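# structure of the sequence below:
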Amino acid sequence: MKMKMMGLLLKQKKCEKVEELDDDELLLNIIYLLRSHGQNDIISVWTEQKRCFMDYKKLIKDYLKTSGGLISTRYCEENGIPRVYLSRLVKEDFLENVSRGLYRTKDSDFDELYFFQYRYKKAIYSYETALYLMGITDKFVMDMDVSVPSNYKFNELKEVVNIHYVKSDLWNLGVKEVKTMFGNIVKIYGYERCLCDFIKDKDNMDKEVYINLIRSYRTIKDKNLDFLYEIASKMGILANVREILEVVYE
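Numbering: from 1, shown residues only. Reported below is the predicted structural model:
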């Protein structure tokens, strides 16, 4: 009889699963069914609904502990979690909808750098933003620098961002992971890649930042000249990089 009650609920709302009904819909359907079916069967349906809610709620909360407090509808769909549970957690004032298909916990810190890269996973922090995240400069530029493949398109981009389009075979070259001030991990271009980018785009760079970057490379403890030359070679600026470093090291 319990399965029959669930079937009636689904048939009326044209859902595939009972858990896809939100609380208001479920209550309205229970009132309807109470008029023509036994109370015990309806209670069992309600109990099953609540059990599903608690199970999915735990899955969502476990994921939020590892995702910096962010969760997307895409993640839920890929992991078999009905999206309606995100709406329910919004009603409980546990989550808030920050953009289309993306939610965050109410008590989480708003980590702009992590949040942006979570939404646009192919955006790698580069140039001055990467230098800031590596602690090479304390100059925080309000407009983030990101590098993306040349064929990449942003959807609903609201932030003010300096976008650097690069060839697909160079996009993932020299990438490393660092933590933001909130402890979340983001992808950036490492020192060697940043150095090559600055040298290649010298005419468009802040002169003071450019000079400090070139001079400071000799003092970097974990510098890797071989890797620097490998990146420079692939970017077609090896001779230029060698010439500049020779002047610095004289």
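# contacts only, for residue 114.
Applying C-beta atoms under 8 Å, 6 or more residues apart in numbering, one finds that residue 114 lies in contact with 68, 70, 180, 182, 184, 185, 186. The C-beta positions use only the backbone N, C-alpha and C, and glycine is treated the same way.
# swap in residue 219?
By C-beta under 8 Å, 6+ apart, no residues touch residue 219.
# and the spatially most central residue of the chain, what element?
Residue closest to the mean C-alpha point of the chain, counted by C-alpha atoms, centre = their mean, is residue 118 at 0.8 Å. Following DSSP states H and E, one finds residue 118 within helix 112-119.
# mind listing what's buried along that helix?
Judged by neighbour count using 16 or more other C-beta atoms under 10 Å, the buried positions of helix 112-119 are 113, 114, 115, 116, 117, 118, 119.
# make CSV from those and add pLDDT to it.
Compiled in CSV, the buried residues of helix 112-119 are given as follows (pLDDT from 0 to 100):
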residue, pLDDT
113, 90
114, 87
115, 85
116, 88
117, 91
118, 84
119, 85
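# show me what contacts residue 117?
Neighbour list for residue 117: 123, 125, 186, 187 [criterion: C-beta under 8 Å, 6+ apart].
# what about the helices in the protein?
Across the chain, reading from the start of the chain, the helices by DSSP state H fall at 2-13, 23-34, 39-64, 73-78, 84-91, 112-119, 127-133, 168-171, 191-200, 207-216, 225-234, 238-249.
# out of those helices, which gets the lowest mean score?
Lowest mean pLDDT within the helices of the chain: helix 2-13, at a mean of 45.
# and stretch 152-172, which residues are buried?
Using 16+ other C-beta under 10 Å as the test for burial, stretch 152-172 gives 152, 161, 164, 166, 170, 171.
# which one is residue 137 nearest to, not counting chain neighbours?
Leaving aside its sequence neighbours, residue 137 sits nearest to residue 131 (C-beta to C-beta, 6 or more residues apart in numbering; 4.6 Å).
# just to revisit the earlier point, closest to residue 231 out of the buried residues of stretch 152-172?
Checking the buried residues of stretch 152-172 against residue 231 with C-beta to C-beta, the nearest one is residue 170 at 8.6 Å.
# can you tell me what sits against stretch 150-165?
For stretch 150-165, contacts defined as C-beta under 8 Å, 6+ apart pick out 99-100, 116, 120, 122-123, 126-127, 142-149, 166-168, 197.
# drop anything exposed from the residues you listed.
Of all the contacts of stretch 150-165 considered here, the ones buried according to neighbour count by 16+ other C-beta under 10 Å are 116, 120, 123, 126-127, 144-149, 166, 197.
# distance from stretch 158-170 to the middle of the chain?
When distances are taken as C-alpha atoms, centre = their mean, to the nearest Å, stretch 158-170 is centred 16 Å away from the chain's centroid.
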